[in-house]
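>>> Give the three-dimensional model of this entry:
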Amino acid sequence: MNIFHHDTLSQNTHTQDTLPPLTARQSPWRRVGHSLLREATTDPDLAICQAGLDWQVERVDLRSADTLEAIPDFSAIRRCDTGRYLGVVGADYTPVQNREVFRFFADLAEDKRFTIETAGSFQGGKIVWAMAHLPDLGIHIGDDESKTYLFISNGHTGNKTLTVAPTTIRIICQNTLALAEAQARGRRKHPGLSGGFTVRHTPGIRAALDDIRNAYAQAIASQKTTQQIYQHLASVPLTSQLERQFMTRLFGTPAPGESGRTTTIREHREARLAGILASPTSQVRGTRDSAFSLFQSIVEYVDHDRTTRTHDGATEDESRLVSATQGSGAALKRQAWDSILELAA
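Model prediction:
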């Protein structure tokens with residue numbers, strides 16, 4: 001059975017075809033930046049031109065400076081359009097051209113049911129990425145819509161693998177790409193598709209890409225099961241007892257003689273969660289006052305409001321982003337998913 005949920009995976013309910021859709025509640029890091037394409041498109045050829053990635057790479061022999069003899073077992077990777085050298089690779093390195101990255105989405109989604117939304121390159125073309133929205137992997141219940149994005153990052157340097165993974169992070173710069181890749185690595189301990197795939201540039205890379213396409217195609221085919229699970233959560237009424245049991249599982253009960261600071265933090269959290277449940281993001285036609293909206297209140301709280309300790313000069317929003325995707329915030333969302341499934345069963 002294929003089970004999707006927002007941002008995190010259940011330890012005991014997911015299977016080999018698990019993917020995480022995005023919540024309809026816009027994440028803080030998706031409120032900034034803009035598409036690196038002039039407009040989102042279903043045409044890979046148009047996207048690659050808009051992103052300035054309509055160029056290829058080629059292998060070039062390395063030669064010694066004194067004898068000009070070719071150096072065995074190593075080559076340079078050079079951009080065909082500018083002549084810029086991007087990296088040094090071994091004999092088994094197999095380049096993946098930019099056009100292949102963009103065609104991946106078209107091969108995966110039938111009837112052009114995908115939209116390439118952001119794409120670009122860093123370091124003069126050493127790193128290339130593209131991100132697409134695939135509606136066939138999303139969930140739509142009433143007016144509440146969950147979206148799933150898939151990104152591909154590729155390196156022409158010889159020391160970066162090709163990565164294909166779902167993401168909840170809108171990739172607009174090198175930092176957000178690094179976060180998306182870290183998010184995928186953090187999920188890789190779970191079985192299934194949520195952690196995505198990394199592939200080395202060996203002669204078998206194209207066969208590996210075909211396997212990845214097949215895996216995601218199977219997930220699309222089995223997505224109806226996920227829709228049924230979400231609809232079930234949306235059909236379970238949000239009662240005071242359900243809310244109390246759910247919050248107790250996540251946060252426990254007040255300890256006797258708790259400190260004033262602990263009381264303040266707890267009261268602030270309770271007030272904020274109550275506010276989220278009463279807000280327009282939870283009062284959505286088709287999911288309001290349900291187990292689904294209760295679970296989503298935790299997702300919104302973790303992504304937007306949860307107090308997070310800053311570090312290394314990061315802002316509070318930046319620290320919350322890291323926590324929500326790969327730290328304690330992500331763990332809290334996993335626990336919320338496990339709990340709501342058990343209580344709504």
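
>>> measure stretch 145-160 end to end?
End-to-end span of stretch 145-160 (C-alpha to C-alpha, to the nearest Å): 34 Å.

>>> next one: stretch 144-153
End to end - C-alpha to C-alpha - stretch 144-153 spans 30 Å.

>>> for stretch 253-260, same thing?
End residues of stretch 253-260 are separated by 15 Å (C-alpha to C-alpha).

>>> what's the offset of it from the middle of its chain?
37 Å (C-alpha atoms, centre = their mean, to the nearest Å).

>>> wait, residue 51 sits on residue 131?
No - using C-beta atoms under 8 Å, residue 51 is not in contact with residue 131; the gap is 10.8 Å. (Each C-beta comes from the backbone N, C-alpha and C, glycine too.)

>>> For the two, indicate the residue with more neighbours.
In this view residue 51 and residue 131 are compared by other C-beta atoms under 10 Å, and residue 131 has more residues nearby, 26 against 22.

>>> so what's the more buried one up against?
Residues near residue 131 by C-beta atoms under 8 Å, 6 or more residues apart in numbering: 116, 117, 118, 119, 149, 150, 151, 152, 167, 170, 171.

>>> how much space between it and residue 179?
According to C-beta to C-beta, to the nearest Å, residue 131 stands 13 Å off from residue 179.

>>> Show me the helices in the stretch 151-300 of the chain, by range?
Secondary structure of the stretch 151-300 of the chain (DSSP state H, counting those that start in this stretch): helices at 174-187, 205-221, 223-235, 240-251, 260-278, 291-300.

>>> Without its sequence neighbours, what residue ends up closest to residue 249?
Spatial nearest neighbour of residue 249, excluding adjacent residues (C-beta to C-beta, 6 or more residues apart in numbering): residue 339 at 4.5 Å.

>>> Doesn't that neighbour lie inside a strand?
No - assigned with DSSP: H, G, I helix; E, B strand; the rest coil, residue 339 falls outside any strand and is helix.

>>> Return the residues in contact with it.
Contacts of residue 339 by C-beta under 8 Å, 6+ apart are 246, 249, 250.

>>> ranges for the strands of this protein?
57-63, 70-79, 85-90, 115-122, 127-133, 139-141, 144-146, 149-155, 162-167, 197-199 (DSSP state E).

>>> Can you name every helix or strand that the first one contacts?
Using 3 or more C-beta pairs under 8 Å, 6 or more residues apart in numbering; DSSP states H and E, the elements in contact with strand 57-63 are strand 70-79, strand 85-90.

>>> Let's have the ones you listed in CSV, adding mean pLDDT.
Output for the helices and strands packed on strand 57-63, formatted as CSV (pLDDT from 0 to 100):
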stretch, mean pLDDT
strand 70-79, 90
strand 85-90, 93
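
>>> Out of the ones you listed, flag the one nearest residue 317.
strand 85-90 (33.3 Å; C-beta to C-beta).
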